[in-house]
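S.K.: Any chance you could fold what I've pasted below:
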Amino acid sequence: MSSHPNKPQLMKTNWLLTILPMLLLFAVEAAGESTPKYVLIVNKANKIDTLTKSKVRFIYHRKVSRWPWGAEILPLDLPERSPARRDFSQSVLGRSVEELAVYWIEEKMTRNANPPARVPTAAAAKAIVASRAGAICYIPANAVDDTVKVIEVK
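M.R.: As a prediction, this is how the structure comes out:
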């Protein structure tokens, strides 16, 4: 029986080549989970600093129409393909974008309620939120600037 002189080294190399891609994938996924895909923004004059997920759900399901000081709430949605929208819909509203589309068909038929207004980009969302006291939207975290206020979702 002839044995390869470097067989232990080859086995170690093969093991590393097998496990390394899995470790890298895990590290990338873990890093992605720690970075939120969105932040919730309001007008700088808005007195609210924190909202619970259930209050945000009420706002985005159009169950409340005014802020405590009387301004009309204007919830905004990014395009359906937006990663921020998909993450926000699932993590805060508890439904996929597709499930929400069905929800809004039912709401239109039963309550004559309309879904949040759609905006084409985070820049458009920021411009509306900066100019309307009652506006609220989620945008990618890296799109925030000093024209809007970020509020915490608990």
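S.K.: Residues in contact with the strand or helix carrying residue 110: which ones?
M.R.: Take DSSP states H and E as the rule and residue 110 turns out to sit in helix 97-111. Counting contacts by Cβ atoms under 8 Å, 6 or more residues apart in numbering, the residues outside helix 97-111 that touch it are 61-62, 80, 85-86, 89, 93, 95, 113-115. Where C-beta positions appear, they are placed from N, C-alpha and C, glycine not excepted.
S.K.: Give the buried subset of those residues as a PyMOL selection command.
M.R.: To isolate the buried members of the contacts of helix 97-111 in PyMOL, using 16 or more other Cβ atoms under 10 Å:
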select buried, resi 61+62+85+86+89+93+115
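S.K.: Return the residues in contact with the residue most central in space within the chain.
M.R.: The chain has residue 88 as the residue nearest its centroid, 3.0 Å off, counting by Cα atoms, centre = their mean. For residue 88, the contacting residues are 37-38, 138, by Cβ under 8 Å, 6+ apart.
S.K.: that older thread, what are the C-alpha coordinates of the helix holding residue 110, in PDB please?
M.R.: Output for helix 97-111, consisting of C-alpha atoms alone and laid out as PDB, is shown next (Å, rounded to 0.1, in the frame of the first residue of the first chain):
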ATOM      1  CA  VAL A  97     -45.300  43.200   0.300                       C
ATOM      2  CA  GLU A  98     -47.500  40.700  -1.700                       C
ATOM      3  CA  GLU A  99     -49.700  40.000   1.400                       C
ATOM      4  CA  LEU A 100     -50.100  43.800   1.900                       C
ATOM      5  CA  ALA A 101     -51.300  44.200  -1.700                       C
ATOM      6  CA  VAL A 102     -54.100  41.700  -1.000                       C
ATOM      7  CA  TYR A 103     -54.800  43.500   2.400                       C
ATOM      8  CA  TRP A 104     -55.300  46.800   0.600                       C
ATOM      9  CA  ILE A 105     -57.700  45.300  -2.000                       C
ATOM     10  CA  GLU A 106     -59.800  44.100   0.900                       C
ATOM     11  CA  GLU A 107     -59.500  47.400   2.800                       C
ATOM     12  CA  LYS A 108     -60.600  49.400  -0.300                       C
ATOM     13  CA  MET A 109     -63.600  47.200  -0.800                       C
ATOM     14  CA  THR A 110     -64.700  47.100   2.900                       C
ATOM     15  CA  ARG A 111     -63.600  50.500   4.300                       C
END
